[in-house]
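Undergrad: whatever this is, show me its structure:
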Amino acid sequence: TSVSVIDDIEERYDRLGYELYKTKLKAHLYGAATTRERLILVAVRKDLKINQFEFPTPTHGDGLKKVKTVNDALRTLDIKTLNNPKSDIDNRPMNHTDKSVARFKLIPEGKNIVDVLDKVPDELKISGFYSRGCTMRLDGNKPAPTLVPGHSNFPVHPKFHRSITVREAAAITGFPIDYKFVGSHTQRCEQVGQAVAPPLSEAIGKTLKDYLA
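TA: Next up, the predicted model:
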């Protein structure tokens, strides 16, 4: 028989004396330039007599602050000296093959290569299946979808014919511009792609701090 992971977690915390609160929160509603959604679980000790834990309310969106776009995030790099690839290893573009660049040129802004597959010459086709990642060009006027981590799986830049850099992905996710990532290129991509967006993390942290005060 199948077992719900969430139900199992809830039962375990209940036995330990905790009330489990859960919800899904979208990063772009808290100041990140990505729509990434995360399941958030908060366990509260029952003896604290907290009747209902309230998750942070959105700060961006309808009637609130303007939702940040990919272009908004990239502009924060344009005014920083860290945008110089020579001084910031995380802002060094990947060395794509000529075929990859030719493929990128065929992808309109905000579209995936599957949207224009009939225009892709046979010599540039990879297979009949294309996942997200560097077969999709970001729309600069919208928040990015979930940025898939990996060696070369970040989406294509809205204007340039290359995948976005680690630093650009980090800016879109909401990391501080001077945040230092460590490890290989693949590991640094994963650190960005697997993170809970910092603006969302901060909102949750502030809410927890208020409950602990």
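Undergrad: Pro158 contacts Thr69, doesn't it?
TA: No: in this structure Pro158 lies outside contact range of Thr69 using C-beta atoms under 8 Å: 9.5 Å. C-beta here means a position set from N, CA and C on the backbone, and glycine is covered the same way.
Undergrad: which residues do those two both contact?
TA: Listed as contacting both Pro158 and Thr69 by C-beta atoms under 8 Å, 6 or more residues apart in numbering are Gly140.
Undergrad: now the residue in the chain sticking out farthest from the centre: closest residue in space, sequence neighbours ignored.
TA: In the chain, the residue that sits farthest from the middle, by C-alpha atoms, centre = their mean, is Asp47; the gap is 36.3 Å. The shortest distance from Asp47 to any non-neighbouring residue, by C-beta to C-beta, 6 or more residues apart in numbering, is to Gly17 (6.9 Å).
Undergrad: pull the number of nearby residues for that neighbour.
TA: 11 (other C-beta atoms under 10 Å).
Undergrad: quick check, pLDDT for it.
TA: According to the prediction, Gly17 has pLDDT 97.
Undergrad: gap between it and Gln52?
TA: 17 Å (C-beta to C-beta, to the nearest Å).
Undergrad: can you give me the helices for this structure?
TA: 5-15, 70-78, 98-104, 166-173, 185-193, 198-212 (DSSP state H).
Undergrad: most tightly surrounded among those?
TA: Among these, helix 166-173 has the highest mean neighbour count (mean count of other C-beta atoms under 10 Å), at a mean of 27.
Undergrad: need the CA coordinates for stretch 110-129. CSV is fine.
TA: Output of stretch 110-129 as CSV, limited to C-alpha atoms (Å, rounded to 0.1, in the frame of the first residue of the first chain):
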residue,chain,number,x,y,z
GLY,A,110,9.7,33.4,-23.6
LYS,A,111,9.5,30.2,-25.8
ASN,A,112,10.8,26.7,-25.8
ILE,A,113,12.5,25.0,-28.7
VAL,A,114,9.5,22.7,-29.0
ASP,A,115,7.4,25.8,-30.0
VAL,A,116,9.6,26.2,-33.1
LEU,A,117,10.6,22.6,-33.7
ASP,A,118,9.4,22.7,-37.3
LYS,A,119,11.9,25.5,-38.0
VAL,A,120,14.9,23.6,-36.5
PRO,A,121,17.1,22.0,-39.2
ASP,A,122,17.6,18.2,-38.7
GLU,A,123,21.3,18.7,-38.0
LEU,A,124,20.4,20.9,-35.0
LYS,A,125,17.8,18.6,-33.5
ILE,A,126,18.9,16.5,-30.5
SER,A,127,15.9,14.1,-30.1
GLY,A,128,12.2,14.1,-30.2
PHE,A,129,12.0,15.1,-26.6
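Undergrad: in that stretch, what's buried?
TA: 111-113, 120 (16 or more other C-beta atoms under 10 Å).
Undergrad: show me the shaky parts of this structure.
TA: 1, 79-86, 127-134, 150-152 (pLDDT under 70).
Undergrad: swap the cut-off to 90 and go again
TA: The chain contains residues with pLDDT under 90 at 1-3, 48-52, 77-88, 92-95, 100, 113-135, 148-153, 178, 185-186, 211-213.
Undergrad: mind putting the helices of the chain into a markdown table with distance to Lys24?
TA: What follows is these, written out as a markdown table (distance: least, C-beta to C-beta, whole Å):
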| stretch | distance to Lys24 |
| --- | --- |
| helix 5-15 | 11 |
| helix 70-78 | 22 |
| helix 98-104 | 32 |
| helix 166-173 | 17 |
| helix 185-193 | 18 |
| helix 198-212 | 11 |
